[in-house]
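# Sharing a model prediction with you, sequence too.
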Amino acid sequence: MTSQAAAQHPLDGVRGLVFFGFPLHPPKQPGTKRADHLAKVTVPMLFLQGTRDTFADLKLLRPVCAKLGSRATLHVMETADHSFHVLKSSGRSDGEVLRELAETTVSWAEGI
């Protein structure tokens with residue numbers, strides 16, 4: 001992953017990293033070891049995560065982001081899974097979710 005390379009040394013021209021569903025842990029195997037290297041990343045990071053993402057329990061990801069301080073921004077998509085598909089009961093289409101992801105990313109990128 002690019003974040004692992006960025007943790008080893010700054011990457012030329014990279015001003016920030018965007019994670020579309022950070023794979024914090026394998027499904028049904030909660031843990032935070034995969035995030036250990038993020039402490040060494042010096043650029044801002046945007047985490048886009050769904051509440052139903054089996055690769056990142058938000059109870060574990062929120063503290064990871066908090067430890068990263070102002071370098072980390074967490075944007076949570078209600079009822080979205082790892083592929084950002086949402087439940088029909090959410091009243092939103094996948095297209096609307098993708099639009100929100102894109103708009104959030106653009107807004108964040110403009111601010112760094």
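Structure's in. What do you need?

# List the buried residues in the lowest-mean-pLDDT helix or strand in the chain.
None of the helices or strands of the chain scores lower by mean pLDDT, DSSP states H and E than helix 2-8, at a mean of 89. Buried residues in helix 2-8, counting neighbours by 16 or more other C-beta atoms under 10 Å, are found at Ser3, Ala6, Ala7. Using the backbone N, CA and C atoms, a C-beta is placed for each residue, glycine as well.

# Sheet partners, orientation included, of the helix or strand following that helix?
Per DSSP states H and E, the first helix or strand lying C-terminal to helix 2-8 is strand 17-20. Next to strand 17-20 in the sheet, as set by DSSP bridges, lie strand 45-50 (parallel).

# now the next helix or strand after the partner strand, how far from the centre of its chain.
Using DSSP H and E, the next helix or strand after strand 45-50 towards the C-terminus is helix 58-68. How far helix 58-68 lies from its chain's middle: 10 Å, per C-alpha atoms, centre = their mean, to the nearest Å.

# again, but for stretch 3-17
16 Å.

# repeat for stretch 82-89
For stretch 82-89, the distance from its own C-alpha centre to the chain's C-alpha centre is 16 Å (C-alpha atoms, centre = their mean).

# first to last residue in that stretch, what's the distance?
17 Å (C-alpha to C-alpha, to the nearest Å).

# What are the buried residues along it?
By 16+ other C-beta under 10 Å, the buried positions in stretch 82-89 come out as His82, Phe84, Val86.

# And the helix or strand containing Ala102, what does it pack against?
Per DSSP H and E, Ala102 falls inside helix 94-110. Packing partners of helix 94-110 (3 or more C-beta pairs under 8 Å, 6 or more residues apart in numbering; DSSP states H and E): strand 17-20, strand 45-50, strand 72-77.

# Report the mean confidence score over it.
Averaged over helix 94-110, pLDDT sits at 95.

# Can you point out the buried residues in it?
Buried residues in helix 94-110 (16+ other C-beta under 10 Å): Val97, Glu100, Leu101, Thr104, Thr105, Trp108.
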